[in-house]
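**Q** I would like the atomic coordinates for the input below:
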Amino acid sequence: MEEYRQKFIEIIRDESWLMGILKAAKNLGLPDWFIIGGAIRNTIWDYLHGYNKRTPLKDIDLVFFDPNDLTDKKEKEAEEILRKLMPHFNWEVVNQARIHILYKGFPKLESSSDSIRYFSERANCIGIRLEKDNSLTICAPYGFSDLMNLIVRPVPQTPSYEMVLDLYKKRTNLKNWLERWPKLKIEKR
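**A** Here you go, the predicted structure:
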């Protein structure tokens, strides 16, 4: 729904620290990149729970897609640059073109957007990129409804669904999200 998208954008744009992360990532010049994961999800859940203080992040996840370089060289270089620019964050940069090499059984991906649809929870399947004109490009293959309604459930059937469902079960058991965000509705599998 468009109202969810607009509210999502409003929340993100109001977070100066997150906009700073997006600017730093943009300046790397990586192909087909997005900030994903907890930086987005936690920010929205904190906002929807009325928390003024943001939940500390384990890391900032940045994905990009470069099928012409399947080494980890660009990943390491980007992490080093980002650590120097923003040392208070732990950065994790991953070329999604390498995922099928890193994880046996995972399909070969076509783009960063393609990879985002495989994340284990729909509410986590969102990526943001800041463009040169400061507009936001958002990848949300399952929309914003789950994230904005505090629903946690696995992604729909995918070619690697058993692997994704196993990860979903592990994450919902280990993350203890309900302790921090008690309004969440977590679907058990």
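
**Q** so what's the residue nearest the centre of the chain up against?
**A** Residue closest to the average C-alpha location in the chain (Cα atoms, centre = their mean): residue 36, at 1.8 Å. The contact partners of residue 36, by Cβ atoms under 8 Å, 6 or more residues apart in numbering, come to 61-63, 116, 119, 124, 126-128. Quick note: C-beta positions are derived from backbone N, CA and C, even for glycine.

**Q** need the phi and psi values for it.
**A** Dihedral pair for residue 36: phi -130, psi -180, per degrees, to the nearest 10.

**Q** tell me what it is bridged to.
**A** For residue 36, the beta-bridge partners are residue 61 (DSSP bridges).

**Q** can you check the pLDDT for it?
**A** pLDDT recorded at residue 36 is 98.

**Q** mind listing which of the contacts of residue 36 are in strands?
**A** With DSSP state E as the criterion, strands contain 61-63, 127-128 from among these.

**Q** are any of these buried, and which?
**A** When those are checked for burial by 16 or more other Cβ atoms under 10 Å, the buried set is 61-63, 127-128.

**Q** mean pLDDT per helix and strand in the chain: which one sits at the bottom?
**A** helix 161-174 (a mean of 81; mean pLDDT, DSSP states H and E).

**Q** what helices or strands is that helix leaning on?
**A** Using 3 or more Cβ pairs under 8 Å, 6 or more residues apart in numbering; DSSP states H and E, no helix or strand is in contact with helix 161-174.

**Q** list the contacts of that helix.
**A** Contacts of helix 161-174 (Cβ under 8 Å, 6+ apart): 103, 105-106, 118-121, 152, 154-155, 158, 186, 188-189.

**Q** restricted to buried residues, select these in PyMOL.
**A** Written as a PyMOL command, the selection of buried residues from these, which uses 16+ other Cβ under 10 Å, is:
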select buried, resi 106+118+119+120+121+152+154+155+186
